[in-house]
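1. I'd like to go over a predicted model; first the sequence, then the structure.
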Amino acid sequence: MTPSGIQGGHGHPDKWKWYDYFTFNVDHKVIGIQYLVTSFLFYLVGGFMAVLMRTELATPDSDFLTPELYNAFLTNHGTIMIFLWIVPAAIGGFGNYLIPLMIGARDMAFPKLNALAFWLNPPAGALLVGSFFVGGGAQSGWTSYPPLSEITANLPQTLWCLAIIMVGSSSILGSVNFLVTIWKMRVPSMAWDQMPLFCWAMVATSLLALFATPVLAAAMVLLLFDINFGTSFFKPDAGGNVVVYQHLFWFYSHPAVYLMILPIFGIMSEVIPVHARKPIFGYKAIAYSSMAICLVGLFVWVHHMFTSGTAPWMRIFFTISTLIVAVPTGVKIFSWVATLWGGKIRYTTAMLFAVGLLSMFVFGGLSGVTLGAAPFDIHVHDTYYVVGHFHYVLFGGSVFGIYAGIYHWFPKMTGRMLNEPLGKVHFVLTFIGTILTFTPMHSLGMQGMPRRVAMYDPQFTSLNQLVTVGSYILAVSVIPFYINVIWSWMAGQKAEPNPWNALTLEWTTDSPPIIENWEVLPVLTHGPYDYGFDPTAEDAEEALVPK
Amino acid sequence: MQGTVDSTPVVVTGHAVAAHEEHQDLRVLGLITFLCSEFLMFAGFFAVFLVFWGSKAEWPPKETEVELLLPAVNTLILVSSSLVINLGTKAIKKNDLAGLRRWFGITAAMGAIFLAGQVYEYMHLGYGLKTNLFSNCFYLLTGFHGLHVFIGLVLILGVLWRSRRADHYSDMTHTGPEMAEIYWHFVDVVWIVLFSLIYLLTLL
């Protein structure tokens, strides 16, 4: 891994050509774009599966998809949306693009490792999509619990495990890179508490990925051996234990929830102060609450297993630890609301998505608290209430955050402004679609409709049809977005280096940034969120007047 | 207001350019970070082993008992190889290239003997991967560790290969040997846990 290839001004062209984006390029900005474009393509694949499932669910009978195909869509919709859409977009895309720019570095610590981490993703996606053609796709849900995962569709399930191991390895290699880069490569004048909050969020995210992902890899290896090599780790008839799989799986997959939301929290902490023209409220509270979520988040996984014969003392312990996670999350929510309070808010599309996220995430967070309590969870476990909850946090939270980030940083990434009116159409459609799709699910679940079914009791028909209409609105909502992105990228209005008048370092270079990011590395002259702060003012009173 | 108090503006002092013009070599730190993650993967396997042990009356079952002599000798070889490889990196830090090549060569030989011993043990145990739950765990854990020994061996051989050129490693540039050493220690530590867990504690 000789670093000579990426040193200032040697051995590369002045500007990357379009085909450089299809190669093993080591520039963190190219890799960031590669992650984002790839994940936005898989977003369409996963969304297509969702629309087909909702079409099936428009009627109580199984009349559109075969049951096997429905199960395969259900499994791969979840898997693709998590591992090939939100995780690579939020962590790989924004993380790689923004971190070196935000901390004043010319690249990541290990550029080749970074490129390797990205190039593990497309083959993983190909394995998942390909599994449909060699046995109809994995059938056992994104959790792949044995024994179901060991007795259905063995070959596709094997491919599924390999795909998960590949994206998991990508995630671990990425985390190593993020941690070392943030730790060691900040511009010398930047102390830890002068870092943009997105970097803090990425430290917490990377630590979680580093410690939790290998355990999922272990579970995948055991599952692979059970399916293909005749072992019996998870086969009860031969002395194995299915609950062991659940523990290993959720030790990763609950922190995975935070992998998908912590970078989004980081995006929120950047977008809100810029578009509210105010210093962030409670910098340290937000920074440390990310670390608190990271720490506590490692000890809550059993709340997914309250109905798996879990001992009463474990139910009590994990109920309490789960509810504790709501505290640092609440700290962030209140800090953002306090940042908005009294600000000169600019209703840009980025800001609309950020505020939309606030409202959605509070709702999804509250339903999460109800699910964290074992007595309630036992009643709604495996119902549509759970589906409603996690779509509120993953769509209303993570996806809204990714949209906010795209509208905010698109000018920096491409040198072109996105079209704002079209962006607002996108926002309105997404907002209405989200509420219509995911709110009735809570009601359905409370009434007892189980999740992961293609057929249901006719009494649930009207609410399900409402959900299906909502999902169609969501499907339509991406059309103005993709048109906006493609059109603006090619022919949009040219962007200034700092179109939002933001204070973080990525806005001190050109849009898009030159290769190696700056001619001369920047020097900090102010904190990342000193809006309305005038260093030339006579006294503190005057300096704090928002400009 | 709160935020302004939190993020005090920084006074500009000089230029921060010089420190960043060279891309820093952070590979050792990166490797250690990565190994933290690797260790958690082994921890996952160990946890599975312990759960099964805790829930079975007989562990290991009568027909799949482990033998102790060969693994004990293997343990001695692997643990002492960790000391030998350290002599190698000490040598290169004193610009002694021949010493690096000698000690790394001996380490590689010891690693190869360990792997050969492992294979010999597999062939003479009388049971295979599929025999029962214990043998599942036994072959998976030792095999997975063996894979890591093999990777470590490849790294050491890589260092030896590169050290053919007299100027490749010196007292100033020895990150490669250092990383191979760290990885070899990691493999060693995992083996000590594994040996204690599978071979020693199951005797109790």
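-> That came through fine.

2. where's residue A:266 relative to chain B, distance?
-> Per CB to the nearest CB, to the nearest Å, residue A:266 is found 16 Å from chain B. The way it works is simple: take the backbone N, C-alpha and C, and place the C-beta from them, glycine included.

3. what do you get for residue A:118?
-> Counting by CB to the nearest CB, the gap from residue A:118 to chain B is 17 Å.

4. what do you get for residue A:68?
-> Distance of residue A:68 to chain B, given as CB to the nearest CB: 29 Å.

5. neighbours of that residue, how many?
-> 15 (other CB atoms under 10 Å in any protein chain shown).

6. and it, what does it touch?
-> When contacts are counted by CB atoms under 8 Å, 6 or more residues apart in numbering or on different chains, residue A:68 touches A:136, A:139.

7. then the one 10 residues further on?
-> Contacts for residue A:78 were tallied using CB under 8 Å, 6+ apart; they are A:141, A:142.

8. can you tell me the element it falls in?
-> helix A:67-79 (DSSP states H and E).

9. who touches the helix or strand following that helix?
-> Remark: after helix A:67-79, the chain's next helix or strand is helix A:87, criterion DSSP H and E. With CB under 8 Å, 6+ apart as the test, helix A:87 has contacts from A:167, A:171, A:256, A:259, A:260.

10. export these as TSV, with columns for neighbour count, pLDDT and secondary structure.
-> Listed next are the contacts of helix A:87 as TSV, based on neighbours: other CB atoms under 10 Å in any protein chain shown; pLDDT from 0 to 100; DSSP: H, G, I helix; E, B strand; the rest coil:
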residue	neighbour count	pLDDT	secondary structure
A:167	25	97	helix
A:171	31	97	helix
A:256	23	95	helix
A:259	28	95	helix
A:260	26	96	helix
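
11. want to try a markdown table for these, with distance to chain B as columns?
-> Formatted as a markdown table, these follow (distance: CB to the nearest CB, whole Å):
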| residue | distance to chain B |
| --- | --- |
| A:167 | 15 |
| A:171 | 10 |
| A:256 | 15 |
| A:259 | 14 |
| A:260 | 19 |
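
12. identify, from those, the entry nearest to residue B:29.
-> Residue B:29 has its nearest neighbour among the contacts of helix A:87 in residue A:171, at 18.9 Å by CB to CB.

13. for the closest one, give its distance to residue A:515.
-> Distance, residue A:171 to residue A:515, by CB to CB, to the nearest Å: 26 Å.

14. run a quick neighbour tally on residue B:25.
-> Neighbours around residue B:25, by other CB under 10 Å: 14.

15. wait, isn't it in contact with residue B:175?
-> Yes: contact criterion CB atoms under 8 Å: residue B:25 and residue B:175 qualify, at 6.2 Å.

16. which residue, other than its chain neighbours, is closest to residue A:417?
-> The spatially closest residue to residue A:417, leaving aside those adjacent along the chain, is residue A:493, at 4.6 Å (CB to CB, 6 or more residues apart in numbering or on different chains).

17. quick one, phi psi at the one you found?
-> phi -60, psi 140 (degrees, to the nearest 10).

18. pLDDT score for it?
-> According to the prediction, residue A:493 has pLDDT 95.

19. list the residues that contact residue A:83.
-> A:124, A:163, A:164, A:167.

20. pLDDT score for it?
-> Confidence at residue A:83, expressed as pLDDT, is 97.

21. now do it against chain B, distance only.
-> 17 Å.

22. distance of that residue relative to residue B:160?
-> Residue A:83 is 39 Å from residue B:160, by CB to CB.

23. and what of residue A:323?
-> With CB to CB as the criterion, residue A:323 and residue B:160 are 56 Å apart.

24. who's more crowded, the two?
-> residue B:160 (18 against 15).

25. can you name the next helix or strand after the host helix or strand of that one?
-> Taking DSSP H and E as the definition, residue B:160 sits inside helix B:133-162. Remark: after helix B:133-162, the chain's next helix or strand is helix B:175-194, criterion DSSP H and E.

26. which residues sit against that next one?
-> B:25, B:27-28, B:31-32, B:35, B:38-39, B:42, B:46, B:75, B:78-79, B:81-82, B:85-86, B:88-89, B:92, B:100, B:104, B:107, B:111, B:141-142, B:145, B:148-149, B:151-152, B:155-156, B:158-159, B:162, B:169.

27. which of these count as buried?
-> B:27, B:31, B:35, B:38-39, B:42, B:46, B:75, B:78, B:81-82, B:85, B:88-89, B:92, B:100, B:104, B:107, B:111, B:141-142, B:145, B:148-149, B:152, B:155-156, B:159, B:169 (16 or more other CB atoms under 10 Å in any protein chain shown).
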